[in-house]
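1. Quick one, structure for this:
(3 chains)
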Amino acid sequence: MKARFTPSRQEDLSLITGKGHFTADHNYPGMLHAYVIRSMHAHAHIKHLNLDAVRAYPGVRWVACAEDLKALGAGAIVNAMTAKGKDGEEQILALMPILAEGTVRFVGQPVAMVFATSALCAQDAAELAEIEYEALEASVDPEKTTLSSSTQLHATAPRNVSLHFASGDAEQVNAAFAKATYASQLRVLSQRLMGVPMEPRAVVAIHDAEAGITTVHTPHQGILGMRNFLAMASGAAPESLRIDANDVGGSFGLRAGAYTEHATLVLAARHLGCAVSWVGSRSEIFLSDWHGRALILNGEIALDADGHILAIRFKDRVDLGAYNCMMSTFIGTRNLSITMGGVYQIPALYMESEVVYTNTTPVSAYRGAGRPDIAYAIERLVDFAAHEHGFDPVVLRRKNFISESAFPYKTANGSTIDTCLSEKLLDRALEISNYATFEERRAQSLSQGLYRGIGLSTFLEASGAGTAPKDQAWGEFNANGYLYVYGVTGPSGQGHSTSFASIIEKALGWPADRVRYEAGKANQKLLGNGTGGSRSLYGAGSAILAMCHHMLESIKPHAAKKMGVDMAQVRFENGIWLANGLSLSTNEIIDALANEEKTSLNALGEASSGATYPNGCHIAEVEINPSTGETHLIHYYAVDDLGQVISPQLVRGQVHGGVVQGWGQAFCEQVVYDSQGQLLTGSFMDYAMPRAGCVPHLTNETYEVRTQINLLGSKGVGESGCTGSLPALANAVMNALRPYGIDQMDMPFTGPKIWAALQKNKGAMNLK
Amino acid sequence: MSQISLNINGNAHKVEVEARALLADVLRDNLKLTGTHVGCDTSQCGCCTILMNGDAVKSCTVLAVQANGAQITTIEGLANGPVLHPIQVAFSNCHALQCGFCTPGMILATAGLLANNPEPTDAQIYEGLAGNLCRCTGYINIVESVKQAAKVMQEKQA
Amino acid sequence: MYSFNYQKAQSVEQAGAALTRSDASRILSGGMTLIPSLKHRLIQVDELIDITGLPGWRDIRVEGHQLWVGAGATHQSVSRHSEVRTFSNGLSELAGMIGDPQVRARGTIGGSVANNDPAADYPAAVLGLNATIKTQKREIVADDFFLGMFSTALASDEIIEGLRFNKPLKSAYAKFRHAATGYAMAGVFVAQISKDQWRVAVTGATDCVCRWQEAEAAAGTVPKDLRFAHNNVLNDIHAPAAYRTNLVHILYAQAVSHLA
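-> Numbering: from 1, shown residues only, chains lettered A, B, ... in the order given. Alright, predicted model coming up:
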């Protein structure tokens, strides 16, 4: 029966009726359930491990520890990227074992896994494990971890340093500072966070011994990436793994690769000959999902007498956690350097980052993965410098924007920005936010005893360059009237199917509701990138656009035939085939074809799409109640250049989501460990999350500047909301508090923190 | 083990359950109604929200045995056959869902809210959704969809 | 959670007898605190005795100048009850501020009061109005009931049947929600019991709900130098003691400003 309404996204119907297919929804006959035994110590040797009683418990079929997995060919948890140190040295790597080998280095580290007839049975049995730990000193503070007095986590990494990275020209920067009229320094913290996608990590695996293929259901960010990382971790051949394109309950960077449970379950499915399932509890997820951010960014800025920025220098400390996992090196190197000049024309740039180990959960990519952090640091530094040296923060920015005539602009440390029209975005944002009349509103708030503040950020984003050599999309016209498009990237809420269908409707004139995008198909041999770095729309989208262009060429002869004219007379304009006053739609042509003719239209599209530079100007207006320190966000304005916009509604949704995640970091989220490495924020009871109403009013506009970097002309939007919001919100809070003697504070700007700072300064300011 | 009776989405069910079985798990595992999701273990995320005797409750914090004899509505039972509930329609129209994991719980919490307060103010909507977390949408479109659903439901009443 | 036996009590005596029989048995009311504790294996019980089916358990009725609230009355039912609203503005608004809507649909006043979580809301109203807690064995006035963190005067086999409140002239409750849990980081209940008698109860800020004598002496005014002094103001990663103390002052003023 036809639904009486058309959903605004293809993805919606199943999700709003409870017919989604999330990983934990899969139930196979005879399926076993796993429970992970985790370390309760942040740093300890495992002196004694006896799992006999666990194995003997009724209902338990297998108990795996490190030796068992090694015997089955397992590897280690993948570290996706390495970098060279500042003097060309190799990076020191400490890979995380799938299950602990002799030493545990963070609370929550997996030690063994129990497989039983039910999850409860496995958990009951696990309590019988006899594990004797010899506790060691833990090194938890990323600043102190490099001191000689701190415990060394890995024998290969003295001072707990994995990498000392640099980018840019130190000498040039030093020279600039030497001749600068003004200089400012600001150290900011981008605190450790949890990503918290709402679907807890889970894995279901089933092995078909005959075909030699293990099917894996799990939340992921793309079938190829997960497959490859899982192959490396488990030792299974990539072709023997099939990653299902099930629904994914959010990812934000955390689902790109294989965790302990993925690798162990693949091996278990093969070893046990039956389906196996593991569903994480939220408490486990807090301990074991890769954490995010955890950066200390120490920035300095040099200005001439007129306020031109002569140089920016950063000294950063990157907390890896206990091991090198997944994207952590990427964050501490490429992502802290590629946009370190922001939207400004700065002749000299230099950064160094020390990437260090602590006895905490490993850190990997979380929405923006270092770029929101560096944008935060730059925009706070610019505001700070403006105030320190008597410049208006808006005027100072304008003076330093990369001028339109300078594009494509090569930054002092080697990034080439194609276009970034900051001036225009700033003007628009100032207009819609009524920035010019802010001081009247500040006075009004003050008459009620409230401190109002306005803050802005003009920021640069850099989307993912992609690791695959190109993106491919394969399209097939089906006998049942649908165009099926196959690609690699997997959605986790972004609405890829809907966006890709929009691209096709515009480019091919084929109705969007007769397009089906499938993120992955068994045995498909397509190349491409998963979702990450905001690139799916333009990456896969450009491949799809290329596919449409090929199809147009194949359709043309059919159009000519159907209209009874020569090919030369046929043109395709605005989605319609035209010739001599006749017109036909694409679907009219194709629906009339025989199946073999339809098959001849099937096409492969390819595109290589490198990193793009989305950018924007965000403005936040806040009001602080000094009696409680609580900040109320009155209105948030976002003007974003995302290149060619395909779906305005989806773009707005991405910006909303990113801004609210930024709000969370700015006002309430923080991972806290005690000095022994015990996680104090181990559940939603202590890790505060944004809830409905935290951002009550958000006005977002786009200012489209097509990019030539990819066929689609789009720049990606997934992470811009975070990148723009951290500095806008922070600058607004500082703007509200500066009159009271406060010019630096780190996130999260909680009520108690703001209140305490105001109290402390009360005496100094002689305020009532 | 004991046998309990549940009326779920208008259908009577008899299920054998352990005393320690949670209603959320019985719905998902015994009755294969996997639309109700489990997102946390401290009763704070609201993904497991269902209607029990008309009230929105977190099914992860109800023992199945406590629900013996209750009338339960899950997300699968909200639509009237092929005709979607105005809340479901509004959620899609307003793009109030992205990954969809929190969505069933969010929709049922909305149903509970509107049953008691058909024309909620913004502040009342924030309060009404205080037990539900979403990580994707930023809530802005969710609040819009609650308002849209309220309007449609009021018009239907009139 | 660990396995246990579940039974639905037919009478409060039967429930009490089960508690006497074994100290590994527990009463189940709304379950909003007990079930999460069981899920995390923080406690192990042999028998869970569900008392929500007992006759009259959820009754809410005004009897002259008194209000009877059955132990099984949900927060939702108390907050929506029109007679409770006219009886005590503070009690009514407090019930509507507990947790979130889903919690209010299940959580009960008996469960909350028996648990005496230092951050719970109800103890502030119960102490603020000096309610009487009736068990199957005796009656205890609020002033004698709340002994310490998670500790009350209840014997291990004693079950709350309900609470009896005396009608105040005016009352109000103001609460500052904990950003993560939604519990009271601080909550202040102010009640004018009679022309010259005031009671002020503070929850959330210390290790147990307590009265604030200086505020009571202020008789519904907010003197500039009024200070909340207590030996055990809570100090944790969310807020230092000074902040909670500050909240108490602010919430007292807020409650006073909307006394009804």
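2. contacting residues for A:Val279?
-> Residues in contact with A:Val279 (C-beta atoms under 8 Å, 6 or more residues apart in numbering or on different chains) are A:23-24, A:119, A:200, A:202, B:38. Every residue, glycine included, has its C-beta placed from N, CA and C.
3. For the closest residue to chain C within chain B, the count of nearby residues, please.
-> Residue nearest to chain C within chain B (C-beta to the nearest C-beta): B:Gly131, separated by 3.1 Å. Neighbourhood size, B:Gly131 [other C-beta atoms under 10 Å in any protein chain shown]: 28.
4. my guess is it is in a helix, correct?
-> No - secondary structure of B:Gly131 (DSSP: H, G, I helix; E, B strand; the rest coil): coil, not part of a helix.
5. picking up where we left off before, I'd like the contacts of A:Val279 laid out as a markdown table, including pLDDT, neighbour count and distance to chain C.
-> Formatted as a markdown table, the contacts of A:Val279 follow (pLDDT from 0 to 100; neighbours: other C-beta atoms under 10 Å in any protein chain shown; distance: C-beta to the nearest C-beta, whole Å):
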| residue | pLDDT | neighbour count | distance to chain C |
| --- | --- | --- | --- |
| A:Thr23 | 97 | 24 | 21 |
| A:Ala24 | 97 | 22 | 16 |
| A:Ala119 | 95 | 19 | 12 |
| A:Pro200 | 98 | 28 | 14 |
| A:Ala202 | 98 | 22 | 18 |
| B:Val38 | 98 | 24 | 11 |
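6. Looking at the residues you listed, spot the one nearest A:Glu573.
-> Checking the contacts of A:Val279 against A:Glu573 with C-beta to C-beta, the nearest one is A:Thr23 at 45.4 Å.
7. Show the contacting residues for the closest one.
-> By C-beta under 8 Å, 6+ apart, the neighbours of A:Thr23 are A:199, A:202-204, A:217-219, A:246, A:279.
8. circling back: how confident is the prediction for the residue of chain B closest to chain C, by pLDDT?
-> We have a pLDDT of 98 for B:Gly131.
9. what does A:Leu537 give?
-> 82.
10. for stretch C:48-56, the distance to its chain's centre please.
-> Taking C-alpha atoms, centre = their mean, to the nearest Å, one finds stretch C:48-56 lying 19 Å from the centre of the chain it belongs to.
11. Tell me which residue in chain B sits closest to chain A.
-> B:Gly35 (1.9 Å).
12. Mind checking if the longest helix belonging to chain B is in reach of chain C?
-> Counting by DSSP state H, the longest helix found in chain B is helix B:140-157. No - judged by C-beta under 8 Å from any C-beta of the partner chain, helix B:140-157 makes no contact with chain C; its nearest approach is 12.8 Å.
13. before we move on, what about stretch B:104-117?
-> Yes - with C-beta under 8 Å from any C-beta as the criterion, chain C is reached by stretch B:104-117 at B:109, B:112-113, B:116.
14. Could you do stretch A:434-451 as well?
-> No - using C-beta under 8 Å from any C-beta, stretch A:434-451 never reaches chain C; the gap is at least 11.8 Å.
15. Please name the nearest non-neighbouring residue to residue 57.
-> In the absence of a named chain, this looks at chain A. Spatial nearest neighbour of A:Tyr57, excluding adjacent residues (C-beta to C-beta, 6 or more residues apart in numbering or on different chains): A:Ala125 at 3.6 Å.
16. To clarify, I was referring to chain C.
-> C:Gly72 (3.5 Å).
17. so what's the one you found up against?
-> C:29, C:51-52, C:54, C:57-58, C:108, C:110.
18. same thing with C:Leu259?
-> C:89, C:170-172, C:190, C:192, C:220.
19. and if you look at A:Gly541?
-> Applying C-beta under 8 Å, 6+ apart, the residues near A:Gly541 are A:499-500, A:503, A:646, A:712, A:714.
20. repeat that with 6 Å
-> Counting by C-beta atoms under 6 Å, 6 or more residues apart in numbering or on different chains, A:Gly541 makes contact with A:503, A:712.
21. Just the buried residues of whichever strand or helix holds it, please?
-> Assigned by DSSP states H and E, A:Gly541 belongs to helix A:536-563. Using 16 or more other C-beta atoms under 10 Å in any protein chain shown as the test for burial, helix A:536-563 gives A:536-548, A:550-552, A:555-556, A:558-560, A:562-563.
22. picking that back up, double-check that the residue nearest to A:Tyr57 belongs to a helix.
-> Yes - judged by three-state DSSP, A:Ala125 forms part of a helix.
23. number of nearby residues for it?
-> Neighbours around A:Ala125, by other C-beta under 10 Å: 24.
24. Likewise for A:Gln185?
-> 14.
25. what sits opposite it in the beta ladder?
-> A:Glu300 (DSSP bridges).
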